[in-house]
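S.K.: Sequence first, predicted model second:
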Amino acid sequence: MKTKMLSLVLLGLIATVFASTVFEYVTARSEEGRVRVEWKSQGEDGTVEYCVERKTVQGDFMTLGKVAAKGGFNKYFYYDESLLKGDNVLQTYRIKAIDKTQGYIYSKEVTVSNQISGIRRTWGSIKAMFR
């Protein structure tokens, strides 16, 4: 009985900590050879920054970039311009909200098929030869 009560109290505390950042929405769409990731918060008390993460169908999530939290109710954008190889590759994105204590919560995952032009794909192949 004490274990169940302790578990409920801990769950309540965790929910209170992470209730300070709630995502109203998260979207991702292909736009001119890049992917635009957009999200809106419903309050950011204690949120320090957001990390934009991406994975392919068979890969693991990796951090693409960070965006500082503004506080309040805000809309954010991040442009993923690092996709240069392959046509119609499915990419999955999520946002990681990090608070002052380094605690974090993830948004829902959104998937998009990026349409890369032939010119951009060729340029990416040329750049890859010199890495």
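M.R.: Noted; the coordinates are in hand. The shown structure was predicted, so the numbers you read here are calculated from the model rather than taken from an experiment.
S.K.: gap between Asn74 and Ser113?
M.R.: When Cβ to Cβ, to the nearest Å is the yardstick, Asn74 and Ser113 sit 28 Å from each other. Where you see a C-beta, it was placed from the backbone N, CA and C, and this is true even at glycine.
S.K.: more neighbours, these two?
M.R.: Set side by side, Asn74 and Ser113 show unequal neighbour counts under other Cβ atoms under 10 Å, the larger going to Asn74 at 16 against 12.
S.K.: residue contacts, that one?
M.R.: Lys40, Ser41, Glu44 (Cβ atoms under 8 Å, 6 or more residues apart in numbering).
S.K.: Among those, which one sits closest to Val57?
M.R.: Out of the contacts of Asn74, the one with the shortest distance to Val57 is Lys40. That distance is 26.7 Å, counting by Cβ to Cβ.
S.K.: How is the closest one assigned, secondary-structure-wise?
M.R.: Under the three-state scheme (DSSP: H, G, I helix; E, B strand; the rest coil), Lys40 adopts strand.
S.K.: what's the answer for Glu49, then?
M.R.: For Glu49, the secondary structure call by three-state DSSP comes out as strand.
S.K.: can you tell me how far it sits from Leu83?
M.R.: Counting by Cβ to Cβ, the gap from Glu49 to Leu83 is 23 Å.
S.K.: cool, and Glu38?
M.R.: 17 Å.
S.K.: Same check on Val110?
M.R.: In this view, Val110 and Leu83 are 15 Å apart by Cβ to Cβ.
S.K.: again with Tyr93
M.R.: To Leu83, Tyr93 is 11 Å away according to Cβ to Cβ.
S.K.: That concludes my questions; thank you for your assistance.
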